[in-house]
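Visitor: model this:
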Amino acid sequence: MLHLSNTTRTSFIRTFGALGILAAASAWANTPSAQQATESDEASVGARIDSTREVLDRWVETRRIISEEAREWALGKEILESRIDVVKRDLAGAKERVAETDKSITDADRKRAELVEQSEKLKSASAELAATAAAFESRVKDLVRRLPDPIRDKIRPLSQRLPADSAKSELPIAVRFQNLVGIVNEVNKFAREITMTSEIRKLADGSSAEVTVVYIGLAQAYYSGGGGKIAGFGTAGPEGFTWTVANDMAPQVAKLVAILKNESPAEFVPLPLKVD
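Guide: Coordinates of the predicted model:
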């Protein structure tokens with residue numbers, strides 16, 4: 001069904017009205033009555049000619065208006081189609097951006113889910129490591145109490161960093177394991193060596209004297225002093241080394257000390273060994 005604007009409809013009405021008037025005028029001019037009227041009254045014929053000319057002028061004007069409106073309609077149609085194309089392109093671009101945004105959101109959600117899963121795994125692993133560190137710290141604390149003074153003094157900077165309550169420790173897991181490894185390394189090194197130190201030992205009569213102590217790793221220790229007349233041995237206990245006076249073995253321990261100090265040639269020195 002053809003839809004016309006009000007202006008176009010009016011133009012068509014005017015055009016067909018003018019054509020009707022022109023046709024009626026032409027038909028009337030060809031009738032005998034018109035011919036008789038023309039012959040009898042030239043003034044009347046002139047009036048009819050003027051009327052016909054006016055109708056023709058209106059018809060020409062109507063055609064001009066129709067042609068002008070047709071051009072305007074064609075131009076408007078072209079502009080409208082251009083705008084439609086622009087809107088279509090904008091809509092297509094918007095759809096692409098929406099699709100890209102949806103994809104980005106999907107990728108972000110997937111990555112977030114992966115990160116959450118990874119975070120949960122790390123939390124679980126961290127909890128396991130914290131439990132392991134707490135168990136090792138408890139055992140290392142017990143070990144430190146059993147150590148002799150020389151190695152205990154050496155590892156004191158590390159042992160003091162062991163948490164009093166492992167369950168409430170705020171130290172990073174890495175730092176806690178670093179402390180444990182440092183302590184164990186030093187203890188292992190001491191256990192594989194023969195260490196000679198100078199210490200103060202309590203004698204049988206209750207007095208104290210400076211003695212030379214020889215540690216055979218962590219297994220046993222011997223001390224000698226008083227010009228080779230004082231001697232004893234020590235073994236690891238729950239609260240450190242326990243020392244026992246044994247002056248009867250003073251010559252053997254004194255000879256051991258002389259050998260270690262390069263004051264006597266090396267030789268086999270039998271010494272008692274106490275095993276708990």
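
Visitor: So this protein: which segments form each domain?
Guide: 132-189, 194-260 (automatic domain parsing).

Visitor: Quick one: end-to-end length of the longest one, please.
Guide: With CA to CA, to the nearest Å as the measure, the first residue of domain 194-260 is 9 Å from its last.

Visitor: From the chain's centroid, how far away is it?
Guide: From the chain centre to the centre of domain 194-260 is a distance of 61 Å (CA atoms, centre = their mean, to the nearest Å).

Visitor: now do stretch 63-76
Guide: 65 Å.

Visitor: Restrict that stretch to CA atoms and write it as CSV.
Guide: Provided in CSV are the C-alpha atoms of stretch 63-76 (Å, rounded to 0.1, in the frame of the first residue of the first chain):
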residue,chain,number,x,y,z
ARG,A,63,4.0,19.6,-12.2
ARG,A,64,6.8,21.8,-10.9
ILE,A,65,5.8,21.2,-7.3
ILE,A,66,5.6,17.4,-7.9
SER,A,67,9.0,17.4,-9.6
GLU,A,68,10.5,19.4,-6.7
GLU,A,69,9.0,17.2,-4.1
ALA,A,70,10.2,14.1,-6.0
ARG,A,71,13.7,15.5,-5.9
GLU,A,72,13.5,16.3,-2.2
TRP,A,73,12.1,12.8,-1.5
ALA,A,74,14.9,11.2,-3.4
LEU,A,75,17.5,13.3,-1.5
GLY,A,76,15.8,12.6,1.8
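
Visitor: if we can go back for a sec, I'd like the domains of the chain written out as a markdown table, with mean neighbour count added.
Guide: Any C-beta I mention is one placed from the backbone N, CA and C, and that applies to glycine too. As requested, the domains of the chain are exported to a markdown table (neighbours: other CB atoms under 10 Å):
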| stretch | mean neighbour count |
| --- | --- |
| domain 132-189 | 15 |
| domain 194-260 | 16 |
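
Visitor: With respect to Leu273, which of the ones you listed lies nearest?
Guide: The closest of the domains of the chain to Leu273 is domain 194-260. By CB to CB, the value is 5.8 Å.

Visitor: Flag the shaky bits of the chain, pLDDT-wise.
Guide: Scanning the chain for pLDDT under 70 picks out the ranges 1-43, 274-276.

Visitor: 90 instead, please
Guide: Scanning the chain for pLDDT under 90 picks out the ranges 1-130, 164-171, 173, 200-209, 219, 226-229, 236-242, 244, 266, 269-276.

Visitor: where do the helices sit along it?
Guide: Secondary structure of the chain (DSSP state H): helices at 6-29, 32-40, 42-146, 149-154, 156-159, 173-191, 250-260.

Visitor: And the ones you listed: which comes nearest Val213?
Guide: That would be, of the helices of the chain and by CB to CB, helix 149-154, which comes in at 8.0 Å.

Visitor: how far away is the spatially most central residue of the chain from Asn188?
Guide: Centroid-nearest residue in the chain, with CA atoms, centre = their mean: Leu115, separated by 7.0 Å. Between Leu115 and Asn188 the distance is 40 Å, computed by CB to CB, to the nearest Å.

Visitor: One more: Glu100?
Guide: In terms of CB to CB, Glu100 sits 60 Å off from Asn188.

Visitor: pretty sure Ala254 contacts Ala231?
Guide: Yes: using CB atoms under 8 Å, Ala254 is in contact with Ala231, at 7.3 Å.

Visitor: which neighbours do these two share?
Guide: Here Ala254 and Ala231 share the contacting residues Ser224, scored by CB atoms under 8 Å, 6 or more residues apart in numbering.

Visitor: hang on, the earlier thing: nearest to Gly206, of the helices of the chain?
Guide: The nearest among the helices of the chain, by CB to CB, is helix 250-260 at 18.7 Å.

Visitor: Can you name every helix or strand that that closest one contacts?
Guide: The helices and strands touching helix 250-260, judged by 3 or more CB pairs under 8 Å, 6 or more residues apart in numbering; DSSP states H and E, are strand 194-202, strand 208-216, strand 220-225, strand 230-237.

Visitor: how about those strands in a markdown table, adding distance to Glu137?
Guide: Shown next, in a markdown table, are the helices and strands packed on helix 250-260 (distance: least, CB to CB, whole Å):
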| stretch | distance to Glu137 |
| --- | --- |
| strand 194-202 | 25 |
| strand 208-216 | 25 |
| strand 220-225 | 27 |
| strand 230-237 | 20 |
